[in-house]
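1. Quick one, structure for this:
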Amino acid sequence: MKYFELDTQSQFEEKNLCLAIGNFDGFHKGHISILDTLKKIANQNNLPTAIMSFSPHPREYFENKNENFNIYTKSEKINFLKKYNINIYIEFTFDKNLSELSADQFVKEILINKLNIKNVIVGKDFKFGKNRSGNFQILENYSKENNFNVHLVEAVMLSDGSSKFSSSIIRDNIKNAEMEKVNFALGRPWHIHGTVIEGDKKARKINFPTANIIPGKHILPRKGVYCVEVYIDNEKYLGISNFGKRPTVDGSKVLLETHIFNFNKEIYGNELTVRFLTFIRPEQKFANFDELAKQIKKDIETAKRFHKI
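-> Below you'll find the predicted structure:
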């Protein structure tokens, strides 16, 4: 996959794109519908598939958010697109220059003159241009005069029709530890990926060794204990994780600590993927290590019942 970082001043040499536009944060079921439409249209017209996304996320830019916002890291987003066999990924810098382009300017200067689109695919709620003034109808009007086609993908709704799949709702669900809702919307368990670091080994002293990773630049879940799946070198294991600051041991930084069942290898420096399945309890401070150890035993029993082991 070719990867481009562009802004309003950048040159771009690729031609005749079949382009889907959006933030694609999380690649939930609604996003997958857009990607599938993109690939179908590109294949029918023998054109390269391309994704245009924005960095920072427009909401991060306008709301001046300092907290971790996106559902996945940038590298995970790129890896997902590679696995989905997208040909070109364009990450467009969302800055003052882009934010002040009118809808007409965005179509003419960015889509037509810079990106040379032949087909553009957008979701039903896609808005663009200053004050979000652009919509599907404006794209369609320009397409008739500029030799490109516009394709609208309807929102994918929940089975009861009550709401659509939404990255905003998924972010809220992650913060609230509603992992079943998150995983249903994504079509797979949400995960945190990182490199195993050497910890203080305090959990090992009470016979609960953990693999510890520092979370990346993405949204953080509610602090607490979770049932998880763990992947090391493409091998799947079951386990239990604590996400938080470990108040009983006066922890100062946020860690994801994972106790892997039936596992006894040194994996410092290895890549670890922890997939969140369900929430067990919130993080809490115990009076001493003995009380903590008793609760961990109960948590492990709960997790094993969930895992059916």
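2. So, low pLDDT: which residues of the stretch 151-300 of the chain?
-> Counting by pLDDT under 70, the stretch 151-300 of the chain contains low-confidence ranges at 159-162, 200-206, 250-251.
3. Swap in 90 and give it another go.
-> Where the stretch 151-300 of the chain drops to pLDDT under 90, the residues are 154-164, 198-209, 245-253, 264-266, 285-293.
4. can you give me the strands in it?
-> Per DSSP state E, counting those that start in this stretch, the stretch 151-300 of the chain carries strands over the ranges 191-195, 211-213, 224-232, 235-244, 255-260, 271-282.
5. Partner strands of the last one, with direction?
-> Strand 271-282 pairs in its sheet with strand 191-195 (antiparallel), strand 224-232 (antiparallel), by DSSP bridges.
6. Next, the buried residues of the shortest one.
-> Within strand 191-195, the residues that qualify as buried by neighbour count (16 or more other CB atoms under 10 Å) are 191-194. All C-beta atoms are positioned from the backbone trio N, CA, C, and that covers glycine.
7. Ok, the longest one next?
-> Buried residues in strand 224-232, counted by 16+ other CB under 10 Å: 224-230, 232.
8. Those: which two are farthest apart?
-> Pairwise distances across the buried residues of strand 224-232 (CB to CB) peak at 23.1 Å, for the pair Gly224 and Ile232.
9. that older thread, now distance to Thr73 too, for the strands of the stretch 151-300 of the chain, in JSON lines please.
-> Output for these, formatted as JSON lines (distance: least, CB to CB, whole Å):
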{"stretch": "strand 191-195", "distance to Thr73": "8"}
{"stretch": "strand 211-213", "distance to Thr73": "12"}
{"stretch": "strand 224-232", "distance to Thr73": "16"}
{"stretch": "strand 235-244", "distance to Thr73": "16"}
{"stretch": "strand 255-260", "distance to Thr73": "14"}
{"stretch": "strand 271-282", "distance to Thr73": "12"}
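10. Skipping its backbone neighbours, what lies nearest Pro56 in space?
-> Of all residues not flanking Pro56 in the chain, Phe94 sits nearest, at 5.8 Å (CB to CB, 6 or more residues apart in numbering).
11. wait, I meant Glu180
-> Per CB to CB, 6+ apart, closest to Glu180 is Thr278, 6.4 Å.
12. same question, Ile34
-> Computed as CB to CB, 6+ apart, the closest residue to Ile34 that is not its neighbour in sequence is Val153, at 4.9 Å.
13. give me the beta-bridge partners of the residue nearest to Glu180?
-> Here Thr278, judged by DSSP bridges, has bridge partners Cys227.
14. what residues are up against it?
-> 179-180, 226-227, 306 (CB atoms under 8 Å, 6 or more residues apart in numbering).
15. ok, 10 Å please
-> Neighbour list for Thr278: 177-180, 183, 189, 226-228, 302-303, 306-307 [criterion: CB atoms under 10 Å, 6 or more residues apart in numbering].
16. can you tell me how far it sits from Ala42?
-> Counting by CB to CB, to the nearest Å, the gap from Thr278 to Ala42 is 38 Å.
17. Which residues belonging to stretch 165-180 are considered buried?
-> Within stretch 165-180, the residues scored as buried using 16+ other CB under 10 Å are 165-167, 169-171, 173-174, 177-179.
18. And the buried residues of strand 224-232, which is closest to Ile34?
-> Nearest to Ile34 among those: Glu229, at 27.4 Å, using CB to CB.
19. For the closest one, which non-adjacent residue is spatially closest?
-> Closest residue to Glu229 apart from its sequence neighbours, by CB to CB, 6+ apart: Arg275 at 4.2 Å.
20. Kindly report the same for Asn212.
-> Gly199 (4.4 Å).
21. Val230 now?
-> That would be Tyr237: by CB to CB, 6+ apart, it lies 4.5 Å from Val230.
22. Is it correct that that neighbour is in contact with Asn264?
-> No. Counting by CB atoms under 10 Å, Asn264 is not a contact partner of Tyr237; they are 11.3 Å apart.
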